[in-house]
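Enquirer: build me a structure from this.
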Amino acid sequence: METLKKITNFVSKYMAVIVIAVAALALFAPNTVSFIKTSYVNTLLGIVMFGMGLTLKPNDFKVVFSRPKDVIIGCISQFTVMPLLAFALTKVFQLPAELAIGVILVGTCPGGTSSNVMTYLSKGDVALSVGMTAVSTVLAPFLTPLLTYLYAGQKVDVDMFSMFLSIVKVVIVPIVLGFVINHFFKKFTEKVVEILPLISTTAIVAIVAAVVSANSAKLMTSGILIVAVVILHNLLGYGVGYGIGRALKLDTTKCRAISIEVGMQNSGLATSLATTHFAQYPLATIPGAVFSVWHNISGAVLANIYARSVEKKEEK
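Expert: As a prediction, the model looks like this:
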């Protein structure tokens, strides 16, 4: 167990580097990871969501009832800013339908699973971040299909009910199972939680490897465009999220939480939905995979910038 803890600490510390290395390997030497099939994506995402459920406690939902205004502001920002930005970027860059649907899927998904850690590192409002992630994830089966239909329905056929069922199956059910097990078997989960970052990172890395290796040839020709759009989407999300918090006169800890929560998406879910429902558009899986790599890098950098700004104020 001690060895696993050491490996987990190493993986947690160098997660961004590991994801980039595997993505590069999958891009330039796809045969080395071709044994990881895109058909595994749903199962791998389910593992990540189950792990998230194991970390949830009833107290994590207290913020929803004690500070509903903050959570509502955050969730409205989440489901308006990122879908709108995604749609705007597909128009500005005149993306073909299969790339556009991938970018829009990233935009319509709930907050990312690593946003809570980044908020903690940024010295932001962790309780608000956890509450936003929980609420946006619960709302995802309803809002993600609806928003995808709204923004992408003119480009491709969007089966909202099938998407709803997929999100319930690969997101809600695993989270609920994890939550229930955590509630009734606390001693077991206390031990497992210590190695969860290792399990989650392995699953995320496998998703990235599967998607990138399966589309390496197409990525080599249009990769720069996809990366540029993904980076802009993410950075604009951070900026607009923070700006909304400031405009509504929230304190800076809440602004940092909303900024990170809005900018970081559950891109694994976007990849899963693209794989399941838009298989006729192989490139639709790529924006989610690229986002998975990029937002772990940008989130860590932004958290560091926010934390340093707090330390400078404290020194004064």
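Enquirer: in the stretch 1-150 of the chain, where is pLDDT below threshold?
Expert: 1 (pLDDT under 70).
Enquirer: which residue lies nearest the spatial centre of the protein?
Expert: residue 266 (2.3 Å; C-alpha atoms, centre = their mean).
Enquirer: show me the contacts for the closest residue to it other than its chain neighbours.
Expert: In space, residue 266 comes closest to residue 109 once its chain neighbours are excluded; the distance is 4.6 Å by C-beta to C-beta, 6 or more residues apart in numbering. All C-beta spots, glycine's among them, are computed from the backbone N, C-alpha and C. Neighbour list for residue 109: 82, 140, 144, 265, 266, 267, 269, 270, 273 [criterion: C-beta atoms under 8 Å, 6 or more residues apart in numbering].
Enquirer: helices - which of the residues you listed land there?
Expert: When DSSP state H is applied, these are split such that 82, 140, 144, 267, 269, 270, 273 fall in helices.
Enquirer: list buried residues within those.
Expert: For the ones in helices among the contacts of residue 109, a burial check counting by 16 or more other C-beta atoms under 10 Å picks out 82, 140, 144, 267, 269, 270, 273.
Enquirer: may I see those residues organised as a markdown table, with distance to residue 177 added?
Expert: Listed next are these as a markdown table, based on distance: C-beta to C-beta, whole Å:
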| residue | distance to residue 177 |
| --- | --- |
| 82 | 27 |
| 140 | 17 |
| 144 | 20 |
| 267 | 22 |
| 269 | 17 |
| 270 | 22 |
| 273 | 20 |
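Enquirer: please enumerate the helices of the stretch 1-150 of the chain.
Expert: Under the criterion DSSP state H, counting those that start in this stretch, the stretch 1-150 of the chain contains helices at 2-13, 15-28, 41-55, 62-66, 68-92, 97-108, 115-121, 126-152.
Enquirer: what about residue 171, distance to residue 47?
Expert: 12 Å (C-beta to C-beta, to the nearest Å).
Enquirer: those two: which is more packed in?
Expert: Each of residue 171 and residue 47 has its neighbours counted (other C-beta atoms under 10 Å); residue 171 has more, 28 against 19.
Enquirer: low-confidence ranges, the stretch 201-316 of the chain, go.
Expert: In the stretch 201-316 of the chain (pLDDT under 70), the answer is 315-316.
Enquirer: residues in contact with residue 298?
Expert: Contacts of residue 298 by C-beta under 8 Å, 6+ apart are 231, 234, 235, 238, 263.
Enquirer: go on, residue 104?
Expert: Taking C-beta under 8 Å, 6+ apart, one finds 83, 86, 87, 90, 148, 151, 152 in contact with residue 104.
Enquirer: tell me the helix or strand right after the top helix by length along the chain.
Expert: As far as residue count goes, and with DSSP H defining each element, the longest helix of the chain is helix 216-247. Next helix or strand after helix 216-247 toward the C-terminus (DSSP states H and E): helix 252-263.
Enquirer: just want the angle from that following helix to helix 216-247.
Expert: 150 degrees (axes from the mean of the first three to the mean of the last three C-alpha atoms, to 10 degrees).
Enquirer: from the contact counts, what lies against helix 252-263?
Expert: Judged by 3 or more C-beta pairs under 8 Å, 6 or more residues apart in numbering; DSSP states H and E, helix 252-263 is in contact with helix 68-92, helix 115-121, helix 126-152, helix 216-247, helix 286-315.
Enquirer: ok, the closest residue to residue 58 other than its chain neighbours - how many residues close by?
Expert: What sits nearest to residue 58 in space, not counting adjacent residues and going by C-beta to C-beta, 6+ apart, is residue 183, at 7.7 Å. By other C-beta under 10 Å, the residues close to residue 183 number 12.
Enquirer: same thing with residue 304?
Expert: Quick note: residue 304 (other C-beta under 10 Å) scores 13 neighbours.
Enquirer: tell me which residues touch it, please.
Expert: 121, 122.
Enquirer: quickly note the distance from it to residue 249.
Expert: Taken as C-beta to C-beta, the span from residue 304 to residue 249 is 26 Å.
Enquirer: repeat that for residue 236.
Expert: Distance from residue 236 to residue 249, by C-beta to C-beta: 22 Å.
Enquirer: who's more crowded, these two?
Expert: Between residue 236 and residue 249, counted using other C-beta under 10 Å, the more crowded position is residue 236 (19 against 8).
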